[in-house]
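> Sharing a model that was predicted from the sequence below.
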Amino acid sequence: MPPPPRHAAATVAGGNHEEARSWRYNLLLLIALGGGLGTSGLLIQRIFASGEDTSIGTLPLTHVTDIALPGHPTRLDYASLDPIRNQLFIAHLGDRKVIAFDTRASRVTARIADVSSVHGVLAVPEL
């Protein structure tokens, strides 16, 4: 069998070199992105694990108390306040419920169950 022409061998070798360069570039890019994400995730975790309240910023807010809510520790969605009745309505998406919380007495006053796909609530005092 005769040897392949020289220009064909050069093309194949050049193609392999380009593939290797592209593969190395993609690998380095993946490592850099993974390192950046890992570093930023670690930084965020350290900030929140330290117990410092970073969400208040310069607003004139004060932490009053922590109150345990009923149900599973799953997704709580939007909340709406009825200032006339001092009721805070909280959509508990994870438990398919709406929680009614008395802000003056600091206690849960009602749980509205079987609210499929509850994503938000709105208190309308006029109704």
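On my side now, so go ahead. Note that this is a predicted model, so its numbers are computed, not measured. Numbers count the residues shown, from 1 in each chain.
> C-alpha from now on. contacts and neighbour counts both.
Will do.
> Not counting its neighbours along the chain, what's nearest the most centrally placed residue in the chain?
Closest residue to the average C-alpha location of the chain: Arg75 at 10.7 Å, with C-alpha atoms, centre = their mean. By the measure of C-alpha to C-alpha, 6 or more residues apart in numbering, the closest residue to Arg75 outside its immediate chain neighbours is Gly94, 4.9 Å from it.
> how about the one you found, what does it touch?
Counting by C-alpha atoms under 8 Å, 6 or more residues apart in numbering, Gly94 makes contact with His72, Pro73, Thr74, Arg75, Leu76.
> So the first one versus Lys97, what's the distance?
Read it as His72. Here the distance between His72 and Lys97 works out to 11 Å (C-alpha to C-alpha, to the nearest Å).
> quick one, which of these two is more surrounded?
Neighbours around His72 and Lys97, counted as other C-alpha atoms under 10 Å, are more numerous at Lys97. The numbers are 21 against 10.
> so what's that one up against?
Counting by C-alpha under 8 Å, 6+ apart, Lys97 has contacts Ala91, Arg111, Ile112, Ala113, Asp114, Val115, Ser116, Val118.
> Name the member of those residues that has the highest neighbour count.
Ala91 (26 neighbours).
> In a helix, that residue, correct?
No. Going by DSSP: H, G, I helix; E, B strand; the rest coil, the assignment for Ala91 is strand, not a helix.
> OK, contacts around it?
Leu76, Asp77, Tyr78, Ala79, Lys97, Val98, Ile99, Val118, His119, Gly120, Val121.
> got these as CSV, with distance to Ser106 columns?
Below are the contacts of Ala91 laid out as CSV (distance: C-alpha to C-alpha, whole Å):
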residue, distance to Ser106
Leu76, 18
Asp77, 19
Tyr78, 19
Ala79, 15
Lys97, 19
Val98, 16
Ile99, 13
Val118, 23
His119, 23
Gly120, 21
Val121, 19
